[in-house]
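Novice: from the sequence below, what's the structure:
(one chain, ligands or ions: 2)
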Amino acid sequence: MKPFSLRLPAPAKLNLTLRITGRRPDGYHDLQTVFQFVDVCDWLEFRSDASGEIRLQTSLAGVPEEQNLIVRAARLLKEYAGVAAGADIILEKNLPLGGGLGGGSSDAATTLVALNHLWELGLDRYTLMNLGLRLGADVPIFVFGRSAWAEGVGERLQIVELPEPWYVIVVPPCHVSTAEIFSAPDLTRDNDPITITDFLAGSHDNHCLDAVVRRYPVVGEAMRELEKYSRDVRLTGTGACVYSVHGSEDEARTACDDLSRDWVVLVTPGRNLSPLYEALNER
Ligand SMILES: C[C@](O)(CO)[C@H](O)COP(=O)(O)OP(=O)(O)OC[C@H]1O[C@@H](n2ccc(N)nc2=O)[C@H](O)[C@@H]1O
Ligand SMILES: Nc1ncnc2c1ncn2[C@@H]1O[C@H](COP(=O)(O)OP(=O)(O)OP(=O)(O)O)[C@@H](O)[C@H]1O
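Specialist: Ligands and ions are numbered 1, 2, ... in the order given. Coordinates of the predicted model:
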């Protein structure tokens, strides 16, 4: 029977490496990155109705409805598929803004996937990924839903099976604008490409790191704190979040408990299958 409502997660992602290999005429950058999901999520509830309107109830202050990626995703899908129905959407926002965890992009992807179900559109994942790319470079990976090696602006995706370690993520008290970092004069834009094998052998650079730390010293401070608990500490996306990699849950929870005295900290396992598709029982 046709479902009337759906409640689904919009998980965060981590960039396990982020390389900038060139700049395009439109100002966007060619990247190489590896995405993995984590178990920290926004939650969205969708109800389809006959109103024809898209309505969003949200705990997210400061983002006008017209600019909210959830509303933009719903309208884009409605227009693309010629849908007459409407939807009521409730957002429970847990992911930090401007954190490099891709929260807004993940909300948009969950919206595309959920409304494709509720409106019974039958669009395939590839079509939804292409629609998502119109909303942002990070949307396709969340529709794809599997940990991946990515090239292009982040939309050319290839599944990679990765270890699923525990991560401790520190959320520094600042918001980093992705556009600001990608337009920074001091960003190196002509780095050599690597292969997946290089990544798996330990090449984990994030080419945005220096530009971010220069502008937001507190991000560097957070990394130094994490380095007390792990030798493997990285920046996700253009920040602000930084994370450490741990072999066991116990080790990660100990670091998290200590760091929580002074920082906002999340502790979570990595996930090769997006919690979105886990909830839908799809792969
Ligand atoms: C840094 C990453 O998070 C890595 O996963 C993403 O590439 C960013 O993805 P996103 O936030 O969805 O990015 P968008 O909303 O498409 O773009 C935000 C801004 O970042 C810059 N941008 C983004 C992606 C890219 N490959 N090159 C860029 O130069 C553009 O100036 C753009 O104005
Ligand atoms: N549903 C949404 N959730 C969060 N931000 C949204 C949403 N809709 C629009 N935005 C806008 O997008 C901006 C970036 O949001 P987001 O939290 O995805 O950044 P991010 O985690 O740095 O993402 P990325 O890793 O993709 O750069 C926000 O500052 C906000 O203005």
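Novice: spit out the contact partners of the closest residue to ligand 2 within the stretch 51-200 of the chain.
Specialist: Proximity of the stretch 51-200 of the chain to ligand 2 (Cβ to the nearest ligand atom) peaks at Gly104, 2.9 Å away. (C-beta placed from N, C-alpha, C; glycine too.) With contact taken as Cβ atoms under 8 Å, 6 or more residues apart in numbering, Gly104 is in contact with Leu69, Leu97, Gly136.
Novice: would it count as being in a helix?
Specialist: Yes. The assignment for Gly104 (DSSP: H, G, I helix; E, B strand; the rest coil) places it in a helix.
Novice: distance-wise, check it relative to Arg215.
Specialist: Counting by Cβ to Cβ, to the nearest Å, the gap from Gly104 to Arg215 is 21 Å.
Novice: ranges for the strands of the stretch 1-150 of the chain?
Specialist: Using DSSP state E, counting those that start in this stretch, the strands of the stretch 1-150 of the chain run over residues 5-23, 29-49, 54-58, 86-92, 148-151.
Novice: just so I know, which of those strands lies nearest ligand 1?
Specialist: For those, the distance to ligand 1 is smallest for strand 29-49, at 3.7 Å, taking Cβ to the nearest ligand atom.
Novice: so which other helices or strands are in contact with the closest one?
Specialist: For strand 29-49, the elements it packs on are strand 5-23, strand 86-92, helix 103-118, strand 148-151, strand 166-171, strand 264-271, helix 275-280, judged by 3 or more Cβ pairs under 8 Å, 6 or more residues apart in numbering; DSSP states H and E.
Novice: can we see that at 7 Å?
Specialist: Under the contact criterion of 3 or more Cβ pairs under 7 Å, 6 or more residues apart in numbering; DSSP states H and E, strand 29-49 touches strand 5-23, strand 86-92, helix 103-118, strand 148-151, strand 264-271, helix 275-280.
Novice: quick one: average pLDDT of stretch 156-165?
Specialist: Stretch 156-165 shows a mean pLDDT of 97.
Novice: list the buried residues of it.
Specialist: For stretch 156-165, a neighbour-count test (16 or more other Cβ atoms under 10 Å) marks Leu157, Val160, Leu162, Glu164, Pro165 as buried.
Novice: and if you look at stretch 193-202?
Specialist: By neighbour count on 16+ other Cβ under 10 Å, the buried set for stretch 193-202 is Phe199.
Novice: also stretch 183-196?
Specialist: Those would be Ala184, Leu187, for stretch 183-196 by 16+ other Cβ under 10 Å.
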